[in-house]
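[1] Following is a predicted model, sequence given first.
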Amino acid sequence: MRFLGLRTFLHAAIFALAFVPSANAAENMLSVDKTLVIQLVTFLVGLFLLNRLVFRPLLGVWDRREELTTGTLREAENMTRKAEGAIAEYNEKIAEARAQATETRNELRQQGQSESSRMLLSAREVAQAELDGARGTLESEVAKIRADLQDEIEALAAQISERVLEKGAQR
């Protein structure tokens, strides 16, 4: 591909030399003589020197530039693929962590609810036991107070009947 322009130029020069009219054809036409050979040799030496000193280094620079550009593009594509892979892995790990957090939260919530139910049941049992104890105490107190009042009622009834009888006897 590098020498395509050079080859085309050489073919054009050879083609031009092949179809240059001969010296006998016309007076106005250029004649082929020794200078043509010298010019051709000078041209070929100049072309050889330009090829060695200018075209090859320039084409080498262009090839190196293309290598660097395509290499950089390949490297960028590789980095992009790696970054996309890392992002996908990161998203998977985040999804796993969220699922695990949700599962843990649900387990803790369930444990909290069962603990709350157990504590509530225990508190109800304790409250019921205290209530039963208080009812027993209250019933015994009521029975004691009734017994005390019964004695007082009998004493008061006896006093009231004595007074009523005393007043009835005084009248």
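    Thanks, I have the structure now. Numbers count the residues shown, from 1 in each chain.

[2] Just list what the helix or strand containing Trp62 packs against, helices and strands only.
    For Trp62, the host element (DSSP states H and E) is helix 56-170. Counting contacts by 3 or more Cβ pairs under 8 Å, 6 or more residues apart in numbering; DSSP states H and E, helix 56-170 packs against no other helix or strand. The way it works is simple: take the backbone N, C-alpha and C, and place the C-beta from them, glycine included.

[3] Report the distance from that helix to the chain centre.
    The chain centre lies 32 Å from the centre of helix 56-170; the measure is Cα atoms, centre = their mean, to the nearest Å.

[4] Check the average confidence over it, would you?
    The average of the pLDDT scores along helix 56-170 is 89.

[5] buried residues in stretch 59-70?
    Leu59 (16 or more other Cβ atoms under 10 Å).

[6] Mind telling me which residue is nearest the centre of this structure?
    Asn91 (4.1 Å; Cα atoms, centre = their mean).

[7] Could you report the separation of that one from Asn78?
    Taking Cβ to Cβ, to the nearest Å as the measure, Asn91 falls 20 Å from Asn78.

[8] Kindly report the same for Pro57.
    31 Å.

[9] same check, this time on Leu165
    126 Å.

[10] same question, Ser117
    58 Å.

[11] With Glu67 instead?
    Distance from Glu67 to Asn78, by Cβ to Cβ: 16 Å.

[12] Next: Glu115.
    54 Å.

[13] same deal with Val142?
    Distance of Val142 to Asn78, computed by Cβ to Cβ: 93 Å.

[14] just Arg163 next, same as before
    121 Å.

[15] Test for you: state the pLDDT assigned to Phe43.
    91.

[16] secondary structure class for it?
    helix (DSSP: H, G, I helix; E, B strand; the rest coil).

[17] How many residues are close by it?
    13 (other Cβ atoms under 10 Å).

[18] Enumerate every residue touching Ala127.
    If a contact means Cβ atoms under 8 Å, 6 or more residues apart in numbering, then Ala127 has no contacts.

[19] quick thing: my sequence starts at 39, can you match it?
    New numbering, starting at 39: the last item is Ala165.

[20] Against Ser154, how distant is it?
    Distance from Ala165 to Ser154, by Cβ to Cβ: 16 Å.
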